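Asks: attaching a predicted model along with its sequence, questions to come.
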Amino acid sequence: MLSILGDRRSRDCEGTTRRDFLRVGALGAGGLGLPGLLAARAQAAQSGLPVKDTSVVWLWLGGGPTHVETFDPKMTAPAEFRSVTGEVETTLPGVTLGGTFPEMAKVADKMAFVRSFAHRNSGHGGGTHWVMTGYDNRQVDNGGKPSRPSLGAIAAKARGANHAKTGIPTYVRMSAIQADGPAFLGTACAPFDPQGQARKNMNLETKLERLSDRRALLDGLDRFQRDADATGLMNGLDEFENQAFNMILGDATRAFDISKEPNNVVATFGKGLGEQMLVARRLCEAGCGFVTINYGGWDMHGQIKNGMKNRGPQVDRAVAAFVNDIAERGLNEKILLVVTGEFGRTPRINRNAGRDHWAPLSTLALAGGGLKMGQVVGESNANAEVPKTAPIGPQDLMATVFSVLGLDPKLQFTNLSGRPTFLLEEGAPIRELV
């Protein structure tokens, strides 16, 4: 909890010092204060880099989701290859999804499904690094550190660590994903983690299910801010300290508070993953540029039918609610949802009624971002083993995200050796979507 709030209980506002306000900035990776992060953003803006009013919500299905039982059921294939959960018809003629996704099937006209996504690393760490950063790194599977920055970190570097007006972090992770860090871009570009120390410093320690209990605290923060304004304490702060203080008492805090949403909206999203998806939308509305959510449990080497019945429905409900929500709010031009994992799974069911790691083919689901929705992009071969059409790789996905965020595809930053480094070298935006 911020010390200024504890001090407020025992002394008048006049006794609060400038140092107390500086403590508002004890936020971010490596002890970097929030005022410093805001200054970093201003420095990025002064460099002339474009800042576009768009956002990405990256839903990571950790463990490697089966492409067959999710978005490419292949019910015409032999029994040992086809979806063990069957299929459901969608709003797109002739297009089906796996049997545990009936709600997503209803909003398929607002989504795009890529059935030819592929790379060549079937390790959890290496596959994650490739999809999250656009680059392969075989050492990650053997304990090595990520060598390239994630997409969210790149966004934070290009846009600055925080939004210029609201102070909301540019890059927020709801739960950690391997290779989601800044690598050589530095700690200022690391994700803001609302589950970590940063959340404690913003007094966001309460679990999402209990956010409504924070109403009294938020009222207290509002009273404290009025007292501070009345006594003129804000006059002694510089631009970034003032902005940091307002962030703690303003939009950044409220963005995490789903109790401010209508009850029917909260109910539509549901608990767990749904709550995280709702917070992600609120963060994007407040100016956040990149939000990652990790919903794991997809490493289904055995009994994949049971696994899908356990994990599929919550993703189905949360994603469908999110897609409808951003469309109804007119945010589907500004917010892109990406649903992916590190790889697909073996097309043939194994002897344990599961599927194993399989990088040669996986699927993507996307919605919004001003891209062309209501279509299937690419095609797999008859048994869902490899792409039948031209493979779409991680750098193509990366280039597509760059286009949504308004990032220059020739963007370069300096690596640890002091050399200018391209963040994107080979990929091109997925042409059917842009």
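Replies: That came through fine. Residues are numbered from 1 along each chain as shown.

Asks: surely Ser116 is in contact with Gly393?
Replies: No. The pair formed by Ser116 and Gly393 falls short of the contact definition of Cβ atoms under 8 Å, at 9.6 Å. C-betas here are computed from N, CA, C, even on glycine.

Asks: of those two, give the one with the bigger neighbour count.
Replies: Just comparing Ser116 and Gly393: by other Cβ atoms under 10 Å the higher neighbour count belongs to Ser116, 25 against 21.

Asks: what's in contact with the helix or strand where the more buried one lies?
Replies: Taking DSSP states H and E as the definition, one finds Ser116 inside strand 111-117. The contact list for strand 111-117 (Cβ atoms under 8 Å, 6 or more residues apart in numbering) reads 67, 71-72, 95, 97, 104, 323, 340, 344, 361-367, 371-380, 387-393, 397, 430, 432-433.

Asks: so which of these are in strands?
Replies: Leu97, Thr340, Gly344, Ser362, Thr363, Leu364, Ala365, Leu366, Ala367, Gln375, Val376, Val377 (DSSP state E).

Asks: and which of these is nearest Ile258?
Replies: Nearest to Ile258 out of the ones in strands among the contacts of strand 111-117 is Ala367 (Cβ to Cβ; 20.4 Å).

Asks: for the residue most central in space within the chain, give its distance to Val266.
Replies: The chain has Thr292 as the residue nearest its centroid, 2.0 Å off, counting by Cα atoms, centre = their mean. Here Thr292 is placed at a distance of 22 Å from Val266 (Cβ to Cβ, to the nearest Å).

Asks: and Trp314, that's in a helix?
Replies: No Trp there; residue 314 is Gln. Yes. The assignment for Gln314 by DSSP: H, G, I helix; E, B strand; the rest coil puts it in a helix.

Asks: is Gly296 in contact with Gly62, as I believe?
Replies: Yes. Between Gly296 and Gly62 there is a contact under Cβ under 8 Å: 3.5 Å.

Asks: the two - which one has more neighbours?
Replies: Between Gly296 and Gly62, Gly62 has the larger neighbour count (other Cβ under 10 Å), namely 19 against 13.

Asks: list the residues that contact the more buried one.
Replies: Thr128, Ile177, Asn294, Tyr295, Gly296, Gly297, Trp298, Gly341, Glu342.

Asks: looking at those, which is nearest Asn350?
Replies: Lowest distance from Asn350 to those (Cβ to Cβ) belongs to Trp298, with 15.4 Å.

Asks: residue contacts, the closest one?
Replies: Taking Cβ under 8 Å, 6+ apart as the test, what Trp298 contacts is Leu61, Gly62, Gly63, Gly64, Pro65, Thr66, Gly307, Arg311, Gly341.

Asks: cutoff 7 Å now
Replies: Leu61, Gly62, Gly63, Gly64, Pro65, Arg311, Gly341 (Cβ atoms under 7 Å, 6 or more residues apart in numbering).

Asks: going by neighbour count, which of those comes out on top?
Replies: Pro65 (33 neighbours).

Asks: okay, angle between the strand holding Ser116 and strand 362-368 too, please.
Replies: 160 degrees (axes from the mean of the first three to the mean of the last three Cα atoms, to 10 degrees).

Asks: tell me the helix or strand right after strand 111-117.
Replies: Heading C-terminal from strand 111-117 (DSSP H and E), you reach helix 124-133.

Asks: ok, and what's touching that following helix?
Replies: Residues contacting helix 124-133 (Cβ under 7 Å, 6+ apart): 119, 121, 136-138, 140-141, 146, 148-151, 177-180, 340, 342-343, 359, 394.

Asks: what about 6 Å?
Replies: Helix 124-133 has contacts (Cβ atoms under 6 Å, 6 or more residues apart in numbering) with 119, 121, 136-138, 140-141, 146, 148, 150, 178-180, 342-343, 359, 394.

Asks: stretch 169-181 too?
Replies: 60, 125, 128-129, 132-133, 146, 150, 152, 155-156, 159, 161-162, 190-193, 276, 283, 288-294.

Asks: ok, Glu426 - how many residues close by?
Replies: 13.

Asks: check Met75 too.
Replies: Around Met75 there are 14 residues (other Cβ under 10 Å).

Asks: so for stretch 139-155, mean pLDDT?
Replies: Mean pLDDT, computed over stretch 139-155, is 96.

Asks: dump that stretch to CSV, restricted to CA.
Replies: The C-alpha atoms that make up stretch 139-155 are tabulated as CSV, following Å, rounded to 0.1, in the frame of the first residue of the first chain:
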residue,chain,number,x,y,z
GLN,A,139,18.4,-22.4,-26.1
VAL,A,140,15.2,-21.4,-24.3
ASP,A,141,14.2,-25.0,-24.0
ASN,A,142,17.5,-25.7,-22.2
GLY,A,143,17.2,-23.0,-19.7
GLY,A,144,18.4,-20.1,-21.8
LYS,A,145,17.0,-16.6,-21.6
PRO,A,146,14.8,-15.0,-24.2
SER,A,147,17.0,-13.2,-26.7
ARG,A,148,14.4,-11.1,-28.4
PRO,A,149,11.7,-8.7,-27.1
SER,A,150,8.1,-9.7,-27.1
LEU,A,151,5.5,-7.8,-29.1
GLY,A,152,4.2,-6.1,-26.0
ALA,A,153,7.6,-4.9,-25.0
ILE,A,154,8.2,-3.5,-28.6
ALA,A,155,4.9,-1.6,-28.3
